[in-house]
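S.K.: Sequence and predicted structure below; questions after.
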Amino acid sequence: MKILFALFTFCFLLKPVYAQRLTKEELQDSVKTIPSFTIHKDNYFITGVPTHTGISKKTADAKYQVSFKQLLFRKKVPQDSYLFLKYTQKAFWNIYEFSSPFKEINFNPGIAYSKYFYDKSNKVNSLATLALEHESNGRDSIYSRSWNFVSLEYHWAISKKLVAGVKAWLPFYYKESNPDLMDYSGYGQLNFDYEFIPNRLYAQLMLQKGLSLDWKGAARPRILYNPFNSVNQFLVLEWFTGYDENLIEYDRYRSVIRIGFLLKSNEFDFLRARK
């Protein structure tokens, strides 16, 4: 817990940089000066109650996520690309139960190769990332859940306000502990981030569809509001509905509304054009 608290505090102190769409030269110059250790996905601590079952000390919970990445080389590798390590840890905590036990912790390390793409005016307009990832819950016996996968992500700006991302994955070495995982998680995910008011109000949406013919997938809308002076600190309202929120219960339907505090990643904000 002390290590997690230290990581969360470090992410809290990081100052994100918002800029106009960068030219190729500006991007290369910025990589030389930005911190090599930065936020990867959104970091948050939220708590809430289920809507698909009765509310009690056993069904209400807290969920938090710590996510960061480490740039390995400041000089680009071939093909105008960059190599980095990434790590995300997501935990489900029964804080309202006696002794407050952790229900599930999912660990997701990976190594990734990112390439930027440019428009005709030589400004960055999209980003593709190829990664080798592992995710597991660190448990053994019948409670063990893990999978390995190669993922390909692509992010681009649909408009000045809307950034979209699509992620596809190819799993391997996963059938021993969770043979039907793809029936619930599918082979990909869509993400949207809409900016209503810069640095103040955002809406996010994650969509995922399993391989089964019936509805087995997930949706996770979020509203982010920033009442603070810092550009990356938000209050967040989240609703998760569907399957595969965590590994131990990937095949169980969940519908949970949570509220809390979020440190927003600025990883793709450079895709938004600013006047």
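M.R.: Done, it's in. Residues are numbered from 1 along each chain as shown.
S.K.: When you work out contacts or count neighbours from here on, use the C-alpha atoms and nothing else.
M.R.: Noted.
S.K.: burial count for residue 135?
M.R.: 20 (other C-alpha atoms under 10 Å).
S.K.: thinking it is in contact with residue 147, fair?
M.R.: Yes: between residue 135 and residue 147 there is a contact under C-alpha atoms under 8 Å: 5.6 Å.
S.K.: Quick one: the strands in the stretch 1-150 of the chain, in order.
M.R.: Under the criterion DSSP state E, counting those that start in this stretch, strands of the stretch 1-150 of the chain are mapped to 37-39, 43-50, 61-71, 81-93, 102-118, 124-136, 146-157.
S.K.: Just send those back as TSV, with mean pLDDT too.
M.R.: Compiled in TSV, the strands of the stretch 1-150 of the chain are given as follows (pLDDT from 0 to 100):
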stretch	mean pLDDT
strand 37-39	94
strand 43-50	98
strand 61-71	97
strand 81-93	96
strand 102-118	95
strand 124-136	95
strand 146-157	97
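S.K.: Any idea which of those strands gets closest to residue 243?
M.R.: For the strands of the stretch 1-150 of the chain, the distance to residue 243 is smallest for strand 43-50, at 13.5 Å, taking C-alpha to C-alpha.
S.K.: can you give me the offset of the closest one from its chain's centre?
M.R.: 15 Å (C-alpha atoms, centre = their mean, to the nearest Å).
S.K.: one step back: kindly present the strands of the stretch 1-150 of the chain as CSV, with separate columns for distance to residue 220.
M.R.: Output for these, formatted as CSV (distance: least, C-alpha to C-alpha, whole Å):
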stretch, distance to residue 220
strand 37-39, 21
strand 43-50, 14
strand 61-71, 14
strand 81-93, 15
strand 102-118, 18
strand 124-136, 20
strand 146-157, 18
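S.K.: Tell me which of these sits nearest to residue 241.
M.R.: Going by C-alpha to C-alpha, the one of the strands of the stretch 1-150 of the chain nearest residue 241 is strand 43-50, 9.6 Å.
S.K.: For that closest one, buried residues please.
M.R.: Neighbour counts over strand 43-50 (16 or more other C-alpha atoms under 10 Å) mark 43-50 as buried.
S.K.: Equivalent analysis for stretch 131-148, please.
M.R.: Burial within stretch 131-148, assessed by neighbour count using 16+ other C-alpha under 10 Å, is assigned to 131-137, 145-148.
S.K.: how far does it stretch from start to finish?
M.R.: 11 Å (C-alpha to C-alpha, to the nearest Å).
S.K.: My read is that residue 256 contacts residue 240, right?
M.R.: Yes: counting by C-alpha under 8 Å, residue 240 is a contact partner of residue 256 at 5.3 Å.
S.K.: lowest-pLDDT helix or strand in this structure?
M.R.: helix 2-13 (a mean of 46; mean pLDDT, DSSP states H and E).
S.K.: quick check, nearest of the buried residues of strand 43-50 to residue 228?
M.R.: Distances from residue 228 to those, taken by C-alpha to C-alpha, are shortest for residue 44, at 15.5 Å.
S.K.: any idea how far residue 226 is from the closest residue to the closest one other than its chain neighbours?
M.R.: Once flanking residues are discounted, residue 44 sits nearest to residue 262: 4.1 Å by C-alpha to C-alpha, 6 or more residues apart in numbering. For residue 262, the distance to residue 226 (C-alpha to C-alpha) stands at 9 Å.
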